[in-house]
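Asks: Here's a sequence, model it:
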Amino acid sequence: MVDSPASAPDDADSVTPPGPRRSTYTPPQAQSPDDDPIADAIAAEYRAWVPVKRQPEPPAPAASAPNTPVTPPENPLAGLSAPEAAPPSPSIPPPPSRASLTDADLVAVLDPDLAGGNTGALINLFEEQLTLREQELRQLDAWEEQVRRLGVESADEIVASVRSAYTGVIDVIPPAAHAQTSSASASSPPAAAGPAPAPPLAPAPNDVPSADSAPTAPGQVVAPVIDPATLTAGELSSVLADAPPPDMAQRTVATPPEDGLDLDESVPPPLVEPDIAESPSDPLAQASNWDALLATATDGTPATSEPPALSPFTLTPASPSAPAETSALDEESRPDRQSDSAPPSLEPAPETPPSAPAPVPAATPVAAPAPAAPQPPAAETPPAAEHPPLPTAADTPARGPRSFALEQSALEPTPAALRAGRAVRLFWLWFAVNASVVTVALGALLIADGASLRQAVLAALGGVALSSFLLGVITRTGRWSGQPTIVVARATFGTVGNAIPAGVAVLVRVLWASALLYLLGIGVAEVLVEAQLDGGLGRPTLTVIVAAVGFLIAAAAALVGFGLIARLGAIIAPLAGILVVGLIVLTGPLVDLGNALSIPDGSWALLVGGSVLILSAIGLAWVSSGGDLVRYQAPGASGTAAALWTGLGVAAPAFLLIGWGAALSASNPVVLEGLVANPVDTLARLLPLWYPVPLALAVALSLIAGAAFSLYSGGFAVLTLGAPAPRWLGVLIAAVVAAAALVALILAGGGVAGLLRDALVVLAVPVAAWAGIVGTETLLRRRRVHAPSLLQPGGVYPSVRWVPLAGFVVTTALGLGFVTASTSWLAWTGYLWPLLPLPADSAWVNSDAGVILALLLGAIVAAISLPGLRRLHDVEASATA
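Replies: Residues are numbered from 1 along each chain as shown. Okay, here's the model as predicted:
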């Protein structure tokens, strides 16, 4: 209301004295909306400051009759087009997490000074990081494709924010132009807190509205913003007197999104009355939230726990799953109300160019309660779209080493990304090594020593079974840490004390490789000469050529590494198996079981001697390398399966060939003499004339595979004796020494068969002592070794573990005292036999029982050192934790 400027004058002639004056005045009842001149003046002033410069004035409405009241429509929103309810925002899939190192971290880690000269580990780490980056690039591409397929308006910003964390993996996407504008707006300093100054009743001619305000629809009259807190009582009364009725207040309906959706105009969605702020002192503070977007964090969760407040001047469609249950007055009295299930405004306010002035939104005055709009029945919310899982680094399977890629892993653990082998692969590798037809000569040697056929078969069975058991146990060492067996032995003898067993391992590996290559040369030369395929070169020349070619192939495979050896094993094993079966089938008619079984049993000491011979040639010749082939097996693979497949790959070809050689030798004395003197030449004479080439392959393939594996393992043994060096350098040193030994054997000519047997048994004694100690400690272990401490002194393991090392030396000395050798420079062995009451020609003296004795004493030494092993377990647990 408006007070009258003056009250009515008193009657001068009245006798009654004047009473007290009223401080308020009630104006008379208005006859029409326009009969108050003061209201007309205020209304004229109210209309005068509409920003007509920016928006064209709408045509003046037709003048109504002075005394005709304006009746508001029953439904003020009738006829207005309203958008359909927007579907729920599609859920954005979580972005992949980065697992690779950044460029800065990778440069810091790949410092050659920190690697101690072990560049192989740095190369492996660099290759792993490149592999991870390739995987992450594929994951990012798949995730970005899903995000953009959802049609999210802020897809560019979301993708750019996630990709910015993958420096070095991909080129970071530059932000879009509108993102730059938004960033510039967001970086502007915030307004000072406190009440806003009162706006003038009319704007100055040169006032420029804020660029952050929302634009006005064409043809819409925009009223100024008036802060009641800054107006006087008279000014506030003037504004309220000229305000239109509540139902006549102009309403703003959200503009439908221009996304090409088909809108069903026949059934309009429900609308919610505009939210009226309780205190309209600063409506622009809430209007700035029109530009707020539903930001999503990189982990898939909302960036803020509270939803952004909607503008009080925008109509939002009601949630289809949450019908209104409160009155319009309750809704309007809560400016901070935000339905948990209602989606945000259908369309954010369009951005205003910085150069164009934006109009000031009109403040809607507090109005009387209005009838609520009718609500349609609630609709079911469609389920969120399900996204296929993104590929992760864990989903990418490990791959084994490439066949022709130089192996970089040396004494350190094999990288997990390369450990993809299965246990069954061990069967083919060991089958290829032990499937040479030369093995039939071992069966002939058992019969030549005086054993019967059944004694020979039992000796073969015992020697092969014990060999398979030892190799299966030692296989666990390589599977645990992914390191060579001779390196894992440092946990048993100490980081420095292990040099003595490692020196023995180098000697065994080098001499065994040279012996296999010598057998290759003389065997293939015999076959080609007998078949007249030598080309006139002669047996000696052809022996040198074949041995040299075999050495080059074996050395090249060992230098390249495990990938090529595994590929050769996969090729050689089935071919060797076919050739062995062909040999047995073609020589089957020569077996006479009647004559074979008629040979009487000899001394049972021969059974021990035969088992020792087979154990030395099949098991102890390879036991120090038992874990080298399992380093690339998958970490989660079964250790029992690895041991079983290893034992089967060793036992199957060895027992079959040894038993068949014993059967052929026991059937015919002539065949027996030939197999002992020259096994390959004898087999060539027994087979058809068309079989020399397959026989040559049967001899060569397995011997080349065995020589390659022996040089490969010898390289690891060489590296344990000196400073850290690349793996190929250790193989090169072992190959040079093996070549020298091979030349010596070739120059020695004939008569080396006895030397090879004596050297085989003598070297088997220290190897048996080593196998007894290391194998028993492996079985007694309750936890795996601490791999980093095996590579340098000062870690978990001491420099010398005196009990196992002293036991190894003593056990070797005792074992050598109970073996005999016919070679002159090995005649010093067997020095303990004279202490026993046995005749010099006793079968026990020639049984080489010292090998079995060394194996048993080694197991006892490991049991004695059990307290020290338990203490190591505690230290290993502390280092691992």
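Asks: C-alpha from now on. contacts and neighbour counts both.
Replies: Fine.
Asks: Report how many residues lie close to Pro635.
Replies: Here the number of neighbours of Pro635 (other C-alpha atoms under 10 Å) works out to 17.
Asks: Secondary structure of it: a helix, I assume?
Replies: No. The assignment for Pro635 is coil, going by DSSP: H, G, I helix; E, B strand; the rest coil, so no helix is present there.
Asks: Can you give the contact residues for stretch 461-469?
Replies: Applying C-alpha atoms under 8 Å, 6 or more residues apart in numbering, the external contacts of stretch 461-469 come out as 610-615, 618-620, 646-648, 650-651, 654-655.
Asks: quick one: average confidence on that stretch?
Replies: Throughout stretch 461-469, pLDDT has a mean value of 93.
Asks: quick one on the thing from earlier: between all of the contacts of stretch 461-469, which two are separated the most?
Replies: Gly610 and Thr646 (22.5 Å; C-alpha to C-alpha).
Asks: circling back to that earlier point, going by distance to Asp534, which of the contacts of stretch 461-469 wins?
Replies: So of the contacts of stretch 461-469, ranked by how close each gets to Asp534 (C-alpha to C-alpha), first place is Ala654, at 30.1 Å.
Asks: which SS class is that closest one?
Replies: Going by three-state DSSP: Ala654 is helix.
Asks: Not counting sequence-adjacent ones, nearest residue to it?
Replies: Asn434 (6.0 Å; C-alpha to C-alpha, 6 or more residues apart in numbering).
Asks: got it, and Leu101?
Replies: In space, Leu101 is closest to Gln129, 7.0 Å off (C-alpha to C-alpha, 6+ apart).
Asks: does that neighbour really touch Ser100, like I thought?
Replies: Yes. Contact criterion C-alpha atoms under 8 Å: Gln129 and Ser100 qualify, at 5.8 Å.
Asks: Those two - which one has more neighbours?
Replies: More crowded of Gln129 and Ser100, by other C-alpha under 10 Å: Ser100, with 21 against 17.
Asks: Distance-wise, check Phe126 relative to Gly463.
Replies: As judged by C-alpha to C-alpha, to the nearest Å, Phe126 and Gly463 stand 46 Å apart.
Asks: between those two, which one's more packed in?
Replies: Set Phe126 next to Gly463 and count neighbours by other C-alpha under 10 Å: Gly463 wins out with 28 against 16.
Asks: Just give me the neighbour total for the nearest residue to Val623 once chain neighbours are set aside.
Replies: Nearest residue to Val623 in three dimensions, chain neighbours excluded: Leu471, at 5.5 Å (C-alpha to C-alpha, 6+ apart). Per other C-alpha under 10 Å, the neighbour tally for Leu471 reads 26.
Asks: which ones are touching Leu471?
Replies: Counting by C-alpha under 8 Å, 6+ apart, Leu471 has contacts 619, 622-623, 626, 643, 646-647.
Asks: where's it, which helix or strand?
Replies: In the assignment (DSSP states H and E), Leu471 maps to helix 453-481.
Asks: Please spell out which residues along whichever helix or strand comes after that helix are buried.
Replies: Going down the chain from helix 453-481, the next helix or strand is helix 485-488, by DSSP H and E. Buried residues in helix 485-488, defined by neighbour count with 16 or more other C-alpha atoms under 10 Å: 485-488.
Asks: between those residues, which is closest to Val510?
Replies: Sorting the buried residues of helix 485-488 by how near they are to Val510, with C-alpha to C-alpha, puts Ile486 at the top with 14.7 Å.
Asks: ok, that closest one to Thr495 distance?
Replies: Counting by C-alpha to C-alpha - Ile486 and Thr495 are separated by 11 Å.
Asks: What ranges in the stretch 601-750 of the chain fall below the confidence cut-off?
Replies: Counting by pLDDT under 70, the stretch 601-750 of the chain shows low-confidence ranges at 750.
Asks: Tell me where it has strands.
Replies: Read by DSSP state E, counting those that start in this stretch, the stretch 601-750 of the chain holds no strands at all.
Asks: Point to the helix or strand of the protein where mean pLDDT is at its lowest.
Replies: When each helix and strand of the chain is scored by mean pLDDT, DSSP states H and E, helix 328-332 comes last, with a mean of 38.
Asks: Quick check: mean pLDDT of the very next helix or strand once past that helix?
Replies: Once the chain leaves helix 328-332, the next helix or strand it forms, by DSSP H and E, is helix 424-434. The average pLDDT for helix 424-434 rounds to 88.
Asks: ok, and for helix 424-434, which residues are buried?
Replies: Neighbour-count burial for helix 424-434 [16+ other C-alpha under 10 Å]: 424-434.
Asks: just to confirm, which helix or strand has the residue nearest to Leu101 in it?
Replies: With DSSP H and E as the criterion, Gln129 is inside helix 119-150.
Asks: now for that helix, which elements pack on it?
Replies: Applying 3 or more C-alpha pairs under 8 Å, 6 or more residues apart in numbering; DSSP states H and E, we find helix 119-150 packed against helix 155-163.
Asks: ok, Ala570 touching Leu429?
Replies: Yes. Counting by C-alpha under 8 Å, Ala570 does reach Leu429; the two are 6.9 Å apart.
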